[in-house]
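Engineer: okay, predicted coordinates and the sequence, questions at the end:
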Amino acid sequence: MELTAEQLKMAEIQLKRYLPRSQQVYGYLVLRNRVRSDPVRVVVDRWPEFNVIVCKSQYEQKGDLFKDTPVFAIDEAILEEIIRNSNVFDWTQFICIGTNLGQMEIFKAVASEKGVSSRQLALCHMMILEDVSNLPSIDSSGISLSSLDESHVGLVNQMWKFAENKDAVRMIRNMLANFPSCCVLDAEGKPVSWILIYASCAMGMLYTQPEHRGKGYAKVLVSTMAKRLHAQGYPVYCFIEEENETSYKLFTNLGFTQDPLHREAWFGFNDFETPRRRN
């Protein structure tokens with residue numbers, strides 16, 4: 001069944017009981033319950049005590065391939081039954097699933113049985129700031145901070161590591177129009193370093209232009225955004241791809257921690273062209 005606006009608020013409260021395993025879907029609902037965003041159908045196997053919850057993105061055009069479908073399951077046997085026999089997942093079209101690595105194995109197995117292609121898009125550490133007071137003291141004096149807006153879509157897309165894929169523009173425009181962001185401005189008032197928020201409320205797209213690196217901007221941005229999210233009642237976390245040692249070290253030094261046994265994974269089904277993307 002699809003949840004109503006009022007039920008989405010109740011589901012957010014229920015998901016909080018299962019943190020950090022439910023972090024991605026929980027963050028998705030926290031943000032969705034507070035700000036505008038692209039249309040998403042949130043469905044559960046039953047209500048009010050659900051076993052599986054799925055945030056189904058609406059794929060309307062090619063650019064929507066950058067939309068994830070986060071999934072969280074309390075009962076993996078029920079999840080497998082839904083994946084295999086229900087119409088919640090349309091195996092005839094492209095879909096990008098985001099969930100923990102253990103549950104992703106169920107998706108891969110069922111997809112293989114159905115003859116559906118799959119490809120790993122990202123495997124990430126989930127880094128959480130449990131207590132904002134753990135942030136170290138960071139001197140931001142002399143640094144001009146602001147927020148990005150839709151006029152910066154081209155700049156962010158150009159500097160992102162998937163800039164060659166123009167389909168990302170629509171996703172970035174939605175992020176800048178509806179979700180929190182933070183940037184450092186140069187003397188001319190132009191952004192030179194920034195951080196955005198994904199639809200799952202995870203921090204991402206952290207970037208500093210090469211000529212401005214080594215000035216501590218990344219630390220200032222992460223710290224500032226973490227405090228802002230915490231003050232507004234949002235979860236404070238991010239996903240770091242396993243091979244991204246620089247970002248992993250940055251967030252660890254800022255007090256973010258992870259469950260060493262937990263990994264979040266993103267797989268694309270029925271598509272071999274969509275690039276990997278997380279950070």
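Structural biologist: Noted; the coordinates are in hand. Numbering: from 1, shown residues only.

Engineer: neighbours around the closest residue to Gln58 other than its chain neighbours, how many?
Structural biologist: Sequence neighbours aside, Pro39 is the residue nearest to Gln58 in space, at 4.9 Å (criterion: C-beta to C-beta, 6 or more residues apart in numbering). C-beta here means a position set from N, CA and C on the backbone, and glycine is covered the same way. The burial count assigned to Pro39 is 8, neighbours taken as other C-beta atoms under 10 Å.

Engineer: go on, Trp91?
Structural biologist: Neighbour count of Trp91, defined by other C-beta under 10 Å: 15.

Engineer: pretty sure it contacts Ala111?
Structural biologist: Yes - using C-beta atoms under 8 Å, Trp91 is in contact with Ala111, at 7.1 Å.

Engineer: report the secondary structure state of Val156.
Structural biologist: helix (DSSP: H, G, I helix; E, B strand; the rest coil).

Engineer: which residues touch the residue nearest to it when sequence neighbours are not counted?
Structural biologist: Nearest residue to Val156, sequence neighbours excluded (C-beta to C-beta, 6+ apart): Ile172, at 5.3 Å. Residues near Ile172 by C-beta atoms under 8 Å, 6 or more residues apart in numbering: 153, 156-157, 160, 196, 205.

Engineer: pLDDT check: weakest of those?
Structural biologist: When the contacts of Ile172 are compared by pLDDT, Trp160 scores lowest at 81.

Engineer: isn't it right up against Tyr207?
Structural biologist: Yes - using C-beta under 8 Å, Trp160 makes contact with Tyr207 at a distance of 7.1 Å.

Engineer: tell me the SS of Glu12?
Structural biologist: Glu12 falls in the helix class when you classify it by three-state DSSP.

Engineer: state the distance from it to Phe50.
Structural biologist: Glu12 sits 12 Å away from Phe50, taking C-beta to C-beta, to the nearest Å as the criterion.

Engineer: now do the helices in the stretch 1-150 of the chain.
Structural biologist: For the stretch 1-150 of the chain, the helices defined by DSSP state H, counting those that start in this stretch cover 5-15, 23-32, 76-85, 101-113.

Engineer: any chance of the ones you listed in JSON lines, plus mean pLDDT?
Structural biologist: As requested, the helices of the stretch 1-150 of the chain are exported to JSON lines (pLDDT from 0 to 100):
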{"stretch": "helix 5-15", "mean pLDDT": "97"}
{"stretch": "helix 23-32", "mean pLDDT": "96"}
{"stretch": "helix 76-85", "mean pLDDT": "96"}
{"stretch": "helix 101-113", "mean pLDDT": "95"}
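
Engineer: contact partners of stretch 222-241?
Structural biologist: In contact with stretch 222-241 (C-beta under 8 Å, 6+ apart) are residues 23, 26-27, 30-31, 34, 122-129, 132, 135-136, 138, 140, 145, 180, 182, 195, 197, 201-204, 206, 247-248, 250-251, 254, 256, 264, 276, 278-279.

Engineer: the residue nearest to Asp68 when sequence neighbours are not counted and Ala218: what is the separation?
Structural biologist: Spatial nearest neighbour of Asp68, chain neighbours left out: Gly98 (4.4 Å); criterion: C-beta to C-beta, 6+ apart. Using C-beta to C-beta, one gets 24 Å for the distance from Gly98 to Ala218.

Engineer: repeat that for Asn157.
Structural biologist: From Asn157 to Ala218 the distance is 19 Å (C-beta to C-beta).

Engineer: lowest average confidence, helix or strand, in the chain?
Structural biologist: None of the helices or strands of the chain scores lower by mean pLDDT, DSSP states H and E than helix 168-178, at a mean of 88.
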